[in-house]
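# this one's structure only:
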């Protein structure tokens, strides 16, 4: 370690660059030159008893950071070396440095600035043998000379005074909170007190149970740190500007999102504090969201139903009238809901009385319900409309608050189709009847033609005067037989019970008397 070379190099740093950049650059230079892990500088402002970490080879903050050292740094001509890894680790954390604490040691020395009561502390980290060789007296003296009377130190002094004034205000506010502490702790609701900067000053035990955080752990922490990402923008404008009641999502210590129902109190407003009283409404919120989703679904189902759905108080006005009901009755929902009594939709009062009797009689689908009934309703143009109706009652606290829900299907098209179907059936039956008559006539002509022709032939034979006796008897017997045959055919026609046909000449069909008549019955007779 050559003091002259180091002095020359550091002077060049401080001559060429602003002091803040010079300190950082010089620390990087010394870390490499001295083969140590790191170096940091603290300033102790004695008049305010404040320690400020101003720079290190790993840390750079132009404004400095106020810290609370775990050890005291008295002015001493002797370099202090710390070898215990636990203490070295604490010192490194205080200096915002990342070192191998198990192997490294720390050394430090405090020296007054030449022009004031403030002190500079240089803190070095490295192997013990290396630190023992470094002339820390020389380095500390050199830095106090290079930094004395700098604008940077004066700015730190001024900023520290502001910090001190702010601390005094916070002390006063803490005393104010202490006055109400017993009241806050007795509350079953969570309570958080925040200042004008949205920093948390206090949280009661109920709040700790809800959020999972400790009051001490959140003290002077910005409230934004525990707010869920989707609500950070909401609280940016400050609690003073938020409504008296609002919902807020926060992150618990287990990173779960909890929804808080928050009421804002002005109890400590004169002290510049906002009191937030809150409950965990996560389950309530989830239930509301599920109900809202279900409600939206039901509304869509009702609005898109092709069946007219109407709800009304039994002894009052209509409260639900879906688009299908508008098509059925011709009224707009706006002209009906909460304005028209239920009875105006039916043809007369007797119909509504009948419906009321059916609702209390379990013969029609059970008590307080009607499974299906054909009724008539009255449209806006005073025309009767036939409908299929089902209904059920939703009971209210009092009988007059009972609500009946109707499901109505327009039967006009169905009745029209039924009428057309009946007409078609009649026409079909008439055609079938004519077809039967025509077929029967053809069958009769066919079946009786042969015996008639035979009878006619034998009758012509009987006209001969000299007809032998044998032929005469034969002709008479044939005529008798054919007559019996004709009688049987006529009997079969009289016993026809079904319509069975068989092929005849070409494409013609004639009635099959054997299959169409009840032969068994004929044979028995």
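Here it is on my side, so go on. Model, not experiment: these values are computed from the prediction. Numbering: from 1, shown residues only.

# Would you map the strands across the stretch 351-500 of the chain?
With strands called from DSSP state E, counting those that start in this stretch, the stretch 351-500 of the chain shows them at 369-378, 384-394, 403-410.

# JSON lines for those, including distance to residue 85?
Any C-beta I mention is one placed from the backbone N, CA and C, and that applies to glycine too. What follows is those, written out as JSON lines (distance: least, C-beta to C-beta, whole Å):
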{"stretch": "strand 369-378", "distance to residue 85": "81"}
{"stretch": "strand 384-394", "distance to residue 85": "74"}
{"stretch": "strand 403-410", "distance to residue 85": "77"}
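
# okay, those, which one's buried deepest?
Of all those, strand 403-410 has the most neighbours on average by mean count of other C-beta atoms under 10 Å, namely a mean of 19.

# mean confidence score for stretch 186-199?
The average pLDDT within stretch 186-199 is 89.

# Reformat the strands of the stretch 351-500 of the chain as TSV; add mean pLDDT.
Shown next, in TSV, are these (pLDDT from 0 to 100):
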stretch	mean pLDDT
strand 369-378	85
strand 384-394	88
strand 403-410	90
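
# Quick one: closest of those strands to residue 208.
Nearest to residue 208 among those is strand 384-394 (44.7 Å), distances taken as C-beta to C-beta.

# and the closest one, what other elements does it pack with?
helix 323-329, helix 349-360, strand 369-378, strand 403-410, helix 412-462 (3 or more C-beta pairs under 8 Å, 6 or more residues apart in numbering; DSSP states H and E).

# where's residue 126 relative to residue 34, distance?
7 Å (C-beta to C-beta, to the nearest Å).

# Sorry, wrong one. I was asking about residue 192.
Separation of residue 192 from residue 34 (C-beta to C-beta): 49 Å.

# Counting neighbours, go ahead and name the busier of those two.
residue 192 (26 against 17; other C-beta atoms under 10 Å).

# Which residues does the more buried one form beta bridges with?
Residue 192 has these beta-bridge partners by DSSP bridges: residue 203, residue 276.

# which ones are touching it?
200, 202, 203, 207, 223, 275, 276, 278 (C-beta atoms under 8 Å, 6 or more residues apart in numbering).

# Least confident secondary structure element in the protein?
helix 519-524 (a mean of 49; mean pLDDT, DSSP states H and E).

# per-residue pLDDT, residue 150?
Residue 150 is assigned 62 on the pLDDT scale.

# ditto for the one 10 residues further on
At residue 160, the model reports a pLDDT of 55.

# what's the burial count for the residue lying closest to residue 451 once chain neighbours are set aside?
Excluding the flanking residues, the one nearest residue 451 by C-beta to C-beta, 6 or more residues apart in numbering is residue 482, at 3.9 Å. Neighbours of residue 482 under the rule other C-beta under 10 Å: 20.

# Touching, residue 482 and residue 459? I think so.
No - counting by C-beta atoms under 8 Å, residue 482 does not reach residue 459; the two are 10.3 Å apart.

# so who does residue 77 touch?
Residue 77 neighbours (C-beta under 8 Å, 6+ apart): residue 137.

# so where is the stretch 201-350 of the chain shaky, pLDDT-wise?
Residue ranges of the stretch 201-350 of the chain with pLDDT under 70: 288-289, 291-295.

# now the helices for it?
Along the stretch 201-350 of the chain, counting by DSSP state H, counting those that start in this stretch, helices occupy 205-211, 215-218, 232-235, 282-304, 323-329, 333-336, 349-360.

# Which residue of this structure lies farthest from its centroid?
Outermost residue of the chain with respect to the C-alpha centroid, by C-alpha atoms, centre = their mean, is residue 466; its distance is 116.3 Å.

# what's the distance between it and residue 476?
Distance, residue 466 to residue 476, by C-beta to C-beta: 16 Å.

# for residue 236, what are its contacts?
Counting by C-beta under 8 Å, 6+ apart, residue 236 has contacts residue 224.

# Grab the nearest non-local neighbour of residue 221.
Nearest non-adjacent residue to residue 221, counting by C-beta to C-beta, 6+ apart: residue 200, 5.4 Å away.

# which ones are touching the one you found?
192, 193, 194, 218, 219, 220, 221, 222, 223.

# Next: residue 35.
For residue 35, the contacting residues are 126, 130, by C-beta under 8 Å, 6+ apart.

# so where is the stretch 51-200 of the chain shaky, pLDDT-wise?
If you take pLDDT under 70 as the line, the stretch 51-200 of the chain has these spans: 60-64, 101, 115-116, 149-175.

# the helices in it, which residues?
Going by DSSP H, counting those that start in this stretch, the stretch 51-200 of the chain shows helices at 85-94, 128-133, 136-147, 151-185.

# Name the nearest residue to residue 239, ignoring sequence neighbours.
Residue 239's closest residue in space is residue 274 (C-beta to C-beta, 6+ apart), at 4.4 Å.
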